[in-house]
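*Asks:* show me how the following folds:
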Amino acid sequence: MEKKYQIYAREYRPKTFEEMVGQKAVVQTLQNAIRSKRIGQAYLFAGMRGVGKTTAARILAKGLNCLNGGPTPSPCNECDSCKEINEDHSIDVLEIDGASNRGIDDVKTLRESVKYKPIRSRYKVVIIDEVHMLTREAFNALLKTLEEPPPGTVFIFATTELHKVPATILSRCQVFEFKKVSPRDIVGRLKQIAGEKSLTISAGGLALIAEASEGSLRDAVSLLDQAVAFCGETIGDTELKELLGTVNKDLLFEFSTAVLEEKPERIFSLTATVLETGYDLRLFMKEIIQHFRNILVVKSVPAPGDLIVLASPEELARLRAEAGKAGEEDLIRCLQALQAAEPGLKFSPHPQIHFETTLVKICHYRKIAALKDLILEIEEPQKGGGAVSESRPAKPAWTPAVSRKAEPPAGLGEGFRTRNANPPAGSAEARPGAKAPSAPDGPRPGRGENPASKSEEKAALEEPGVKSFLDKFKARIISVDELKAKADSEEE
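*Replies:* Just a heads-up that it's a prediction; the model follows:
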């Protein structure tokens, strides 16, 4: 009789604690608890999908009920008890789906069944998967039984959403948090499976699968199984990229080059390429954010090492070349803009326009002058051709702090005067012994109230020096009245 095919995820499911990958702390704690016979009444395993929660629950049940020297941290998988648990038909090990049996009536039935001692095994083990799906009433009905379970009964809960489990349940359980499996551990496990199955796959292909699995070992094994169905026993990188829908690295580098070299005109053609290739813009934005993060890591850390997931030496060299085109502040500004735009892209009715305008906008970020440099240009007087800061090129400088006999600042026009400037001949201020009028106590008149001041302001804003200053602020409007107020405050 031909042997029935079994998917890799089930065929290579760990059967002992030693076979589990990436959960060293959890495994060591459970093994020590069995050795010292410190068996808890209830355990709660929390973590993302495919990291070994239900598998650990089954191994714990086998260790408690193994007939060869049990309780043991290393179940034999040969005795009748271990085989029954592996085949999921043990009388004393109940595995319940919390999503399908979530009501109070289901919990009442469970409470009645655990009153009786185990029939063939040492412990009666109740495993409830996705326990967070139980209703509030069901959780409340379970509290008393969970706090004082019958002798020889152990509850094991598993959940992917720990925050949905009531605190009253958590306080009655030993909580274990399962971590994401690292890419290196996933690659090691996949390499082992490929060797046992005589598969031909490159190290780069294994890295692609590990990256696509996002820390879930079960997903990684399932993707390897899918790749074998698509490519056969020889799995090529090109076919694997097509299967996984992996974003082309060259395309990501083209986008970063366009941004860092300030070439916004290239964004539109590159976006068209993304759409023609069939990538979803929302997922592509996620890849761009990760790409810029990698550039920032290379820029900030001399030896990135494991900080960039399974990057080849060639890719690291390209990232260093990109990082040399910008400073850390520029890269941080780009990353912040991309992350701020990502939620809007998700819900935008025009994702292409949202995507393009975001990237075109960050192409211009490096043209914006730092505010501290602009303030220094305003406030540092340049006396008689004095030395200019080496960090900025020499520019015609002006200062709003005007002395009594100084001429108006260059570039602000004849309309700019302060109460300390030289008064016109024949005016009240020019008479001998006349006191300069004091400034009114209240606020200055608002813009638009005096037509003469309005025309003076307009003329001042047309001067080349002021226009250049305003261009650097990118739409920040500085009124002449504000400059007058600054000059007056400095004089006082």
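*Asks:* beta partners for Cys44?
*Replies:* If you look again at residue 44, you'll see it is Leu, not Cys. Note on Leu44: beta-bridge partners Phe157, Val175, judged by DSSP bridges.
*Asks:* pretty sure it contacts Thr160?
*Replies:* No - judged on C-beta atoms under 8 Å, Leu44 makes no contact with Thr160 at a distance of 12.0 Å. Quick note: C-beta positions are derived from backbone N, CA and C, even for glycine.
*Asks:* of the two, which one has the most company?
*Replies:* Under the criterion of other C-beta atoms under 10 Å, the comparison of Leu44 against Thr160 puts Leu44 first, with 23 against 17.
*Asks:* ok, the more buried one - contacts?
*Replies:* With C-beta atoms under 8 Å, 6 or more residues apart in numbering as the criterion, the residues that contact Leu44 are 131, 156-159, 162, 165, 169-170, 173-176.
*Asks:* which of these has the largest number of neighbours?
*Replies:* Each of those was scored for neighbours by other C-beta under 10 Å, and Val131 scores highest at 30 neighbours.
*Asks:* name the nearest residue to it, sequence neighbours excluded.
*Replies:* Phe157 (4.1 Å; C-beta to C-beta, 6 or more residues apart in numbering).
*Asks:* helices of the stretch 51-200 of the chain, start to end?
*Replies:* Along the stretch 51-200 of the chain, counting by DSSP state H, counting those that start in this stretch, helices occupy 53-65, 80-86, 104-113, 136-147, 167-170, 183-196.
*Asks:* just want the angle from the third one to helix 136-147.
*Replies:* Computed by axes from the mean of the first three to the mean of the last three C-alpha atoms, to 10 degrees, the angle separating helix 104-113 from helix 136-147 equals 20 degrees.
*Asks:* repeat that for the longest one.
*Replies:* Between helix 183-196 and helix 136-147, the angle comes out at 80 degrees (the same axes, to 10 degrees).
*Asks:* for helix 183-196, packing partners?
*Replies:* When contacts are defined as 3 or more C-beta pairs under 8 Å, 6 or more residues apart in numbering; DSSP states H and E, helix 183-196 sits against helix 203-213, helix 217-231.
*Asks:* just the second one next, same as before
*Replies:* Helix 80-86 makes packing contacts with helix 53-65 when contacts are defined by 3+ C-beta pairs under 8 Å, 6+ apart.
*Asks:* buried set for the helix it packs on?
*Replies:* By neighbour count on 16 or more other C-beta atoms under 10 Å, the buried set for helix 53-65 is 53-65.
*Asks:* so can I have a markdown table of those residues showing pLDDT and distance to Ser36?
*Replies:* Formatted as a markdown table, those follow (pLDDT from 0 to 100; distance: C-beta to C-beta, whole Å):
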| residue | pLDDT | distance to Ser36 |
| --- | --- | --- |
| Lys53 | 95 | 23 |
| Thr54 | 94 | 25 |
| Thr55 | 95 | 23 |
| Ala56 | 95 | 18 |
| Ala57 | 95 | 20 |
| Arg58 | 95 | 21 |
| Ile59 | 95 | 17 |
| Leu60 | 95 | 14 |
| Ala61 | 94 | 18 |
| Lys62 | 94 | 18 |
| Gly63 | 94 | 13 |
| Leu64 | 94 | 13 |
| Asn65 | 93 | 18 |
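*Asks:* ok, of these, which one's closest to Ala203?
*Replies:* Thr55 (26.7 Å; C-beta to C-beta).
*Asks:* ok, the closest one - contacts?
*Replies:* By C-beta under 8 Å, 6+ apart, the residues touching Thr55 are 13-14, 20.
*Asks:* ok, it to Gln41 distance?
*Replies:* Going from Thr55 to Gln41 by C-beta to C-beta, to the nearest Å gives 21 Å.
*Asks:* do Ala326 as well
*Replies:* Counting by C-beta to C-beta, the gap from Ala326 to Gln41 is 57 Å.
*Asks:* the more surrounded of those two?
*Replies:* Comparing Ala326 with Gln41 by neighbour count (other C-beta under 10 Å), the higher total belongs to Ala326, at 23 against 16.
*Asks:* my guess is the more buried one contacts Leu260, does it?
*Replies:* Yes - with contacts counted by C-beta under 8 Å, Ala326 reaches Leu260, the gap being 4.9 Å.
*Asks:* about what we covered before: need the contacts of Thr55 in a markdown table (columns: pLDDT, secondary structure and neighbour count).
*Replies:* Below are the contacts of Thr55 laid out as a markdown table (pLDDT from 0 to 100; DSSP: H, G, I helix; E, B strand; the rest coil; neighbours: other C-beta atoms under 10 Å):
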| residue | pLDDT | secondary structure | neighbour count |
| --- | --- | --- | --- |
| Arg13 | 93 | coil | 18 |
| Pro14 | 94 | coil | 18 |
| Met20 | 94 | coil | 21 |
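*Asks:* and which of these is nearest to Ala99?
*Replies:* The nearest member of the contacts of Thr55 to Ala99, counting by C-beta to C-beta, is Arg13 at 20.8 Å.
*Asks:* number of nearby residues for the nearest residue to Leu223 once chain neighbours are set aside?
*Replies:* With sequence-adjacent residues excluded and distances taken as C-beta to C-beta, 6+ apart, Leu223 is closest to Ile209, at 4.9 Å. By the measure other C-beta under 10 Å, the count of residues near Ile209 is 26.
*Asks:* how near is Gln265 to Ala311?
*Replies:* You called it Gln, but residue 265 is Glu. Glu265 is 30 Å from Ala311, by C-beta to C-beta.
*Asks:* and if you look at Thr145?
*Replies:* Thr145 sits at a distance of 51 Å from Ala311 (criterion: C-beta to C-beta).
*Asks:* residues in contact with Ile353?
*Replies:* Not one residue lies near Ile353 by C-beta under 8 Å, 6+ apart.
*Asks:* can you rerun that using 10 Å?
*Replies:* Applying C-beta atoms under 10 Å, 6 or more residues apart in numbering, we find Ile353 in contact with Thr271.
*Asks:* Arg120 too?
*Replies:* 65, 67, 80-81, 84, 90-92.
*Asks:* the same query, at a cut-off of 7 Å, please.
*Replies:* Arg120 makes contact with 91-92 under the criterion C-beta atoms under 7 Å, 6 or more residues apart in numbering.
*Asks:* tally of neighbours for the closest residue to Thr257 other than its chain neighbours?
*Replies:* Distances taken as C-beta to C-beta, 6+ apart put Glu322 closest to Thr257, at 6.9 Å, once the chain neighbours are dropped. When neighbours are counted by other C-beta under 10 Å, Glu322 registers 22.
*Asks:* next up, the contacts around Glu322.
*Replies:* Each residue near Glu322 by C-beta under 7 Å, 6+ apart is listed here: 253, 256-257, 260, 295.
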